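Colleague: For reference, the sequence and a predicted model appear below.
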Amino acid sequence: MKIDIVSVFPEYFEVLNLSLLGKAQEKGLVEVTAHNLRDWTHDVHHSVDDTPVGGGAGMVMKPEVWSECLDELLHLEPTTVTCDSTADADDTASADAAEPAESATEIAANADTVPATDRPVLIFPNPSAPLFTQQDATELSHADHLLFGCGRYEGYDARIPRYYRAQGVDVREYSIGDYVLNGGEVAVSVMLEAITRLLPGFMGNAASIVEESYTGENALLEHRQYTKPADWRGIKVPDVLLSGDHAKVDRFRRDEALAKTNELRPDLIEALDCSKLDKADRKTLMALGWEVSGAHPRQR
Ligand code: 6GU
């Protein structure tokens, strides 16, 4: 997998040479290059941002600098988009009012499909975008080329993702959570770690991925884990885990995962597919106050 990152702080990504991702680079599983956006500027100040059109606080990253950079990294020739630029281009109040809905659809285009392996995926971290999930990480782990564009300041010109989408690039915008960061760098390192650890050969133990939280169709929070000693400072490991009865251990862990998810993330219980629950799952969920006769569990 080839990974390009564009940022005004490329040094930030030296952290990626450490630990498992560093090893994966040595093994040739991934090739990460961090570029400095300012290398594509032509003015003496190497400026990458400008004041927001329409007024307001902060600065917005300029489309021209980004496009020179992205065209080069994506091997695209500059063109002019003629297709549906009308939604953005005129001054009438009605068209302006219609515009947010349109951009929302464009952002929601994230949700669509598995990336074609031969097509680069261009990813912009954006606190006002859909949340990045384990499913996105899994999808993106199948791509051959990821290109991350880190915005700073108040963000980047909204025409940048639109333009590249119009060029046929698989463009995605993601937020990593409901809080505000100063820029996309931290978000990119979070997404990259989630994506690259799924690459075949990245982790020693592939089974440990399968059993993780948020993985698979019926995602639950993971059960608690213990190691030896069986009694530590007066706190005992649950007896059943010492029993050697694998079926009982599995059931205990599954019930604990259901109970923990019920307590901390009931939204994940509501998303379960009831047809994939076994009899014991249903019994446990019913005891926790869920109705399990429909397509998805419902709180009683
Ligand atoms: Cl992707 N970017 C920034 N700047 N802040 C965020 C974020 C992204 N996700 C959550 N907060």
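Modeller: Nice, thanks for sending it over.
Colleague: List the contacts of the residue nearest to residue 152 when sequence neighbours are not counted.
Modeller: Distances taken as CB to CB, 6 or more residues apart in numbering place residue 183 nearest to residue 152, at 4.2 Å, with adjacent residues excluded. Just so you know, the C-beta spots here come from the backbone N, C-alpha and C atoms, and that holds for glycine as well. Contacts for residue 183 (CB atoms under 8 Å, 6 or more residues apart in numbering) come out as 7, 9, 150-153.
Colleague: out of these, which are buried?
Modeller: Buried by 16 or more other CB atoms under 10 Å: 7, 150-153, out of those.
Colleague: Looking at those residues, which is nearest the ligand?
Modeller: residue 151 (6.8 Å; CB to the nearest ligand atom).
Colleague: Hmm, residue 126 and the closest one touching each other?
Modeller: Yes - Residue 151 lies in contact with residue 126 (CB atoms under 8 Å); the separation is 6.8 Å.
Colleague: So which residues on the stretch 151-300 of the chain come close to the ligand?
Modeller: 174-177, 179-181, 183-184, 187 (CB under 6 Å from any ligand atom).
Colleague: Out of those, list just those in helices.
Modeller: residue 187 (DSSP state H).
Colleague: and the residues of the stretch 151-300 of the chain next to the ligand as JSON lines, adding distance to residue 21 and pLDDT?
Modeller: Formatted as JSON lines, these follow (distance: CB to CB, whole Å; pLDDT from 0 to 100):
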{"residue": "174", "distance to residue 21": "19", "pLDDT": "98"}
{"residue": "175", "distance to residue 21": "22", "pLDDT": "97"}
{"residue": "176", "distance to residue 21": "17", "pLDDT": "98"}
{"residue": "177", "distance to residue 21": "21", "pLDDT": "97"}
{"residue": "179", "distance to residue 21": "24", "pLDDT": "95"}
{"residue": "180", "distance to residue 21": "26", "pLDDT": "93"}
{"residue": "181", "distance to residue 21": "20", "pLDDT": "95"}
{"residue": "183", "distance to residue 21": "20", "pLDDT": "95"}
{"residue": "184", "distance to residue 21": "18", "pLDDT": "97"}
{"residue": "187", "distance to residue 21": "16", "pLDDT": "97"}
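Colleague: picking that back up, between residue 151 and residue 126, what contacts are shared?
Modeller: Residues within reach of residue 151 and of residue 126 at once, by CB under 8 Å, 6+ apart, are residue 184.
Colleague: Tally up the residues packed near residue 197, please.
Modeller: The number of residues packed near residue 197 is 16, by other CB atoms under 10 Å.
Colleague: For residue 222, see how far away the residue nearest to residue 167 when sequence neighbours are not counted is.
Modeller: Excluding its sequence neighbours, the residue lying closest to residue 167 (CB to CB, 6+ apart) is residue 76, at 5.9 Å. Look at residue 76 and residue 222: by CB to CB, to the nearest Å, they are 43 Å apart.
Colleague: again, but for residue 119
Modeller: To residue 222, residue 119 is 34 Å away according to CB to CB.
Colleague: if I pick the residue nearest the centre of the chain, what's in contact with it?
Modeller: Closest to where the C-alpha atoms of the chain average out (CA atoms, centre = their mean) is residue 132, at 3.0 Å. Under the criterion of CB under 8 Å, 6+ apart, the neighbours of residue 132 are 174-176, 187, 190-191, 194.
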